[in-house]
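Participant: dropping the sequence and predicted coords here.
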There are 2 protein chains.
Amino acid sequence: MALIVCKFGGSSVSDAASIQRVADRIVATKAGGNDVVAVVSAMGDTTDELVDLAQEISPDPPSREMDILLTAGERISMALLAIAIDARGVNAQAFTGQQAGVITDTSHGNARIIDVSPSRIQRTLGAGNVAIVAGFQGVTAHTNDVTTLGRGGSDTTAVALAAALGASVCEIYTDVDGVFTADPRIVPTARRIDRMTSEEMLELAANGAKILHLRAVEYARRYGVTLHVRSSFSDRTGTLVVPPDSTEEDTMEAPIISGVAHDPSQAKVTVVGIPDVPGMAARLFEVVAGAGVNVDMIVQNVSASATGLTDISFTLPASDVAAAHTALDQLRSEIAITDVRYNDQIGKLSLIGAGMRSHPGVSAKLFGALRDAGVNIEMISTSEIRISVVTAAADLDVAVRAVHTAFDLDAAEVEAVVYGGTGR
Amino acid sequence: MALIVCKFGGSSVSDAASIQRVADRIVATKAGGNDVVAVVSAMGDTTDELVDLAQEISPDPPSREMDILLTAGERISMALLAIAIDARGVNAQAFTGQQAGVITDTSHGNARIIDVSPSRIQRTLGAGNVAIVAGFQGVTAHTNDVTTLGRGGSDTTAVALAAALGASVCEIYTDVDGVFTADPRIVPTARRIDRMTSEEMLELAANGAKILHLRAVEYARRYGVTLHVRSSFSDRTGTLVVPPDSTEEDTMEAPIISGVAHDPSQAKVTVVGIPDVPGMAARLFEVVAGAGVNVDMIVQNVSASATGLTDISFTLPASDVAAAHTALDQLRSEIAITDVRYNDQIGKLSLIGAGMRSHPGVSAKLFGALRDAGVNIEMISTSEIRISVVTAAADLDVAVRAVHTAFDLDAAEVEAVVYGGTGR
């Protein structure tokens, strides 16, 4: 008997009818001879509505109380799902994050899981029941306070439970059929990927693909959990995301490139004329990190003149620009800097594939495709299985399509796909 | 420094604006030098909406999961109230029933409190914080499952916490100014009662006054908690409901009659021609109780003829008539009964007052007032501090007004009052 952990996001449980559909699916999985643990997010926009309500009351609500507030959403969806399954003659029990043994640190609003002790889940499974677990929430070890896991929290709950319970697979139900070679809204010929490594998925998630949250993929990779990303609106097989070890052989046969990610939400900062002496870059990024800014790509130009000055560019989420601005204004009182330029009209394209390791020439082909499409490259950065370039925002879609075609990723036939948010 | 437990029902926290108003009140109480524990119900109609949602999914939802669902409501209101208080510069922490140490039996949907261990509440009060506690909910001792306390549950939570914490007073905020000598919707001249015993309040609650729930008053009486029933829409002093012991002296001075309760939701069953032999009444009410029917008043006529038959009448909630009907139909296959008559067009009037004990002649005055008003009495029952009569439903309002006037309860001046439900 296999144990399957499945996770349903907010869009999969947005109303009574969709909860009934999810219940049908779980009952079918159970009837197929599997033990089932289902992790659910809050219904539809519940969480956003609760946030709005809190904002109406206070512009700066305390994080401990916000977490109590937000966890009400999963309480509703998990109870309703258990009720729906029970109505189909299958016993189901719903558990809060605390009851499921999800222990976290005390960072309210963005807590990290530090332990999972799912003894109650194991007991209820042993009794032949389906276990429904509230996603996105946990409890602190000593004070028994409710915490939430931040964006993507329900995915993380599901993966953490799958790891703790030794599940065969962690199914992530979403509103698309799986992971695609590119965003189908930009590239209509994008193909569903059958199988990929969690490293590749990590790079996709880190570089703009919104289908799975980075933390959940990291967790899956670290604990060797196989993910199955699939649609809650169809029975089709989706995308298997397998831990690296289990695919040592497979990767020999793997396609060189899995997909093209894009991220239009980045901005670029160029620090012009900073003294080209040791320790300057360190000081610069110390100040930027101190302001809570997540820096992504960094490029330093060679000092081109005899001025002893150089330029450093870096990318960051556009939402962090204001914080970076404040931090850099302060830095200018400490270090003589000629100018700081901000540009939020950029986009990032990333080409990802585990096969890249053993295949030289991928960069050259990528740059060639962009040149042929008339797209100028502003910055370049690479990892072992990824090449990213920054382009003008206006060129990003054209660039994605050109690269997708150049690497033979286009489907022979265009599938009808719906692409949207993935809840949390 | 006094410790005040206060309870705010659903109508007091129905939206962001009313939550802000409740926060103002709590902050003022705190600023007055008191420790404050506030118990809250779910916002407005939240609970009813959640019940509807569950009914949409299943006609017969399992009670354990229903309790998880329903407790989401208080989670939202308690967090929002804590956020609102925090925004006023006063530290507040919200606690679930479990965190507040409210331990119950396992009767999901109608659980009884078996222990209150409010060490976390005491710690947070000790740190100078306001404690916000979710009403209506608890947790089972061994399995850590969430339970709800049934109708009136938030009142009971407040009283139980007040008892466990040794609070000076338990303030019950509602949408009227206190307990009145009669329902102001029926008797416009009804007066607010300044002070009464919890025994009198028990009789009022048990006989149709909806202002406080029976269980909460019972709990207050048993544990010697003083209640202050007051309006969340004004600063006026309301009605003090004091435990019997504390008022031994006071009752000497107390008015003979506190008020007139009425209950239009009763029905009457008359079992005609049941054998007048020992054990018949016992068998009859054994069968009725076995059907889960709450019998209130019972009258047996003297056997008037030589037939060896007698008639027994009893009252019950109109909602229990169907169950009684089924039970009595079965009884007729066992015992020869001439006829069973059902009448749901009745009303019950109850005159309540602790002073009644030492003042004879109250019944005669009551019956005289009803006679003068042309109201026929169908049944009579009495306790030490109460006289109840059953009238035709159509006569009930006239009867209440006549009795109110006869016992000099009318106010000199009519106050403007709003009278409605009291949440739960």
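Facilitator: That came in fine, so what should we check first?

Participant: now whichever residue of the stretch 251-400 of chain A sits closest to chain B. Nearest residue, chain neighbours left out?
Facilitator: Going by CB to the nearest CB, chain B is nearest to residue A:292 of the stretch 251-400 of chain A, at 22.7 Å. Yep, even glycine has a C-beta here, placed from its N, CA and C like the rest. Excluding the flanking residues, the one nearest residue A:292 by CB to CB, 6 or more residues apart in numbering or on different chains is residue A:323, at 6.0 Å.

Participant: after the helix or strand hosting the one you found comes which helix or strand?
Facilitator: Element membership of residue A:323 [criterion: DSSP states H and E] is helix A:321-332. Downstream of helix A:321-332, the next assigned helix or strand under DSSP H and E is strand A:339-343.

Participant: contacts for that next one next, please.
Facilitator: Residues outside strand A:339-343 that contact it (CB atoms under 8 Å, 6 or more residues apart in numbering or on different chains): A:267, A:268, A:269, A:270, A:271, A:272, A:273, A:321, A:325, A:328, A:332.

Participant: do the same with stretch A:136-147
Facilitator: Against stretch A:136-147 from outside (CB under 8 Å, 6+ apart): A:41-42, A:64, A:67-68, A:70-71, A:74, A:96-98, A:102-109, A:111, A:113-115, A:148-149, A:153-154, A:157, A:424, B:96, B:99.

Participant: the nearest residue to residue A:192 once chain neighbours are set aside: neighbouring residues, count only.
Facilitator: In this structure, residue A:192 finds its nearest non-sequential neighbour in residue A:178, 4.6 Å apart by CB to CB, 6+ apart. Here the number of neighbours of residue A:178 (other CB atoms under 10 Å in any protein chain shown) works out to 24.

Participant: same check on residue A:377?
Facilitator: When neighbours are counted by other CB under 10 Å, residue A:377 registers 16.

Participant: gap between the residue lying closest to it once chain neighbours are set aside and residue A:404?
Facilitator: Using CB to CB, 6+ apart and skipping the chain neighbours, the partner closest in space to residue A:377 is residue A:389 (4.8 Å). As judged by CB to CB, to the nearest Å, residue A:389 and residue A:404 stand 14 Å apart.

Participant: so residue A:124 is in contact with residue A:99, correct?
Facilitator: No: in this structure residue A:124 lies outside contact range of residue A:99 using CB atoms under 8 Å: 9.8 Å.

Participant: distance from the chain centre to stretch A:14-28, please.
Facilitator: 25 Å (CA atoms, centre = their mean, to the nearest Å).

Participant: in it, what counts as buried?
Facilitator: Residues of stretch A:14-28 classed as buried: A:14, A:16, A:18, A:19, A:20, A:21, A:22, A:23, A:25, A:26, A:27 (neighbour count, 16 or more other CB atoms under 10 Å in any protein chain shown).

Participant: so residue A:169 bridges to which residues?
Facilitator: Going by DSSP bridges, residue A:169 is paired in beta bridges with residue A:4.

Participant: go on, residue A:383?
Facilitator: residue A:386.

Participant: just to revisit the earlier point, contacts for the helix holding residue A:323?
Facilitator: For helix A:321-332, the surrounding residues in contact (CB under 8 Å, 6+ apart) are A:267, A:269, A:271, A:283-284, A:287-288, A:290-293, A:316, A:337, A:340, A:342, A:344.

Participant: and stretch A:95-107, by the same measure?
Facilitator: Contacts for stretch A:95-107 (CB under 8 Å, 6+ apart): A:71, A:74-75, A:78, A:111-121, A:124, A:131-134, A:136-141, A:143-147, A:149, A:157, A:160-161, A:164, B:68, B:144-146.

Participant: ditto for stretch A:69-78
Facilitator: So stretch A:69-78 is in contact with A:13, A:19, A:40-43, A:46-47, A:50-51, A:53-54, A:61, A:94-97, A:132-137, A:146, A:148, A:154, B:50, B:53, B:68-69, B:71-73, B:75-76, B:79-80, B:83, going by CB under 8 Å, 6+ apart.

Participant: filter the residues you listed down to the buried ones and hand me the ChimeraX line.
Facilitator: Buried members of the contacts of stretch A:69-78, defined by 16+ other CB under 10 Å, are picked up in ChimeraX with:
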select /A:13,19,40,41,42,43,46,47,50,53,54,61,94,95,96,97,132,133,134,135,136,137,146,148,154 /B:50,53,68,69,71,72,73,75,76,79,80,83
